[in-house]
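**Q** predicted model and sequence follow; I will ask about them next.
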Amino acid sequence: MRDSGRTFAFAGFSRSGKTTLICELVRHWTARGRRIGVIKHSHHPIESLLQGDSLRFLEAGAHSVLLVTDHDSFLMDESADPPAGWQTLETITVGERNITVHRGGYTTPSDLPPILGTATVLIEGFKTSIEWRRIAVEREGIPSAGNGPFLATITDHPRGEHSFRHDEIAGLAAFLDRITI
């Protein structure tokens, strides 16, 4: 496992609550003055950059959001200066923030967290990657997140020391804060 700072990947099937959980963690930590970056990996074509999950992460207060497909990557943040080799596409308004959209590429998933410029990075997607510490997100009636190893499990029915309910944001955040690089 190669980590860049405090990077945590949330693994689970669709409708398990990954996006909602990440948004709540972003709100929790940004309310305490922390800058949080979020990476969203999708296998679907991107029809609009600022809809769905990427917009939800920005509205929750994420400092930067990186939307990644197998062929493209788009960085959304308040910086007018793109990372080296990236192209600036447009600037848009989200709430009271001016967000600049940059387009670029990557070679391997481990290249992505440093692009965000934050000490803490939360990842949704890359379901089978073991590049980062992973947290399983499960819901009753939805298949489990698969094989570990998992640092923790978020579930409807906690069953152990590193298992949390979906609404235990402060407890999960405190647990993740204790994790060292």
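**A** Looks like it came in fine. All of these numbers come straight from a predicted model, not from anything done at the bench.
**Q** could you use CA atoms for every contact and neighbour count after this?
**A** Will do.
**Q** rounded mean pLDDT for stretch 27-42, please.
**A** Stretch 27-42 carries an average pLDDT of 94.
**Q** and it, how far apart are its ends?
**A** Terminal residues of stretch 27-42 are spaced 23 Å apart (Cα to Cα, to the nearest Å).
**Q** try stretch 112-129
**A** 13 Å.
**Q** okay, buried residues for it please.
**A** In terms of neighbour count (16 or more other Cα atoms under 10 Å), stretch 112-129 has its buried residues at 112-116, 118, 120-127.
**Q** lowest pLDDT pick from these?
**A** Comparing the buried residues of stretch 112-129 by pLDDT, residue 127 comes last, at 71.
**Q** so for it, what's the nearest residue that isn't a sequence neighbour?
**A** residue 11 (5.2 Å; Cα to Cα, 6 or more residues apart in numbering).
**Q** residue boundaries of the strands in this protein?
**A** 6-11, 36-41, 64-68, 73-77, 87-94, 97-104, 120-124, 133-137, 152-154, 163-164 (DSSP state E).
**Q** tell me the helices and strands packed up against the helix ranked longest in the chain.
**A** With secondary structure taken from DSSP state H, the chain has its longest helix at helix 18-30. Of the remaining helices and strands, those touching helix 18-30 by 3 or more Cα pairs under 8 Å, 6 or more residues apart in numbering; DSSP states H and E are strand 36-41, helix 52-60, strand 120-124, helix 169-177.
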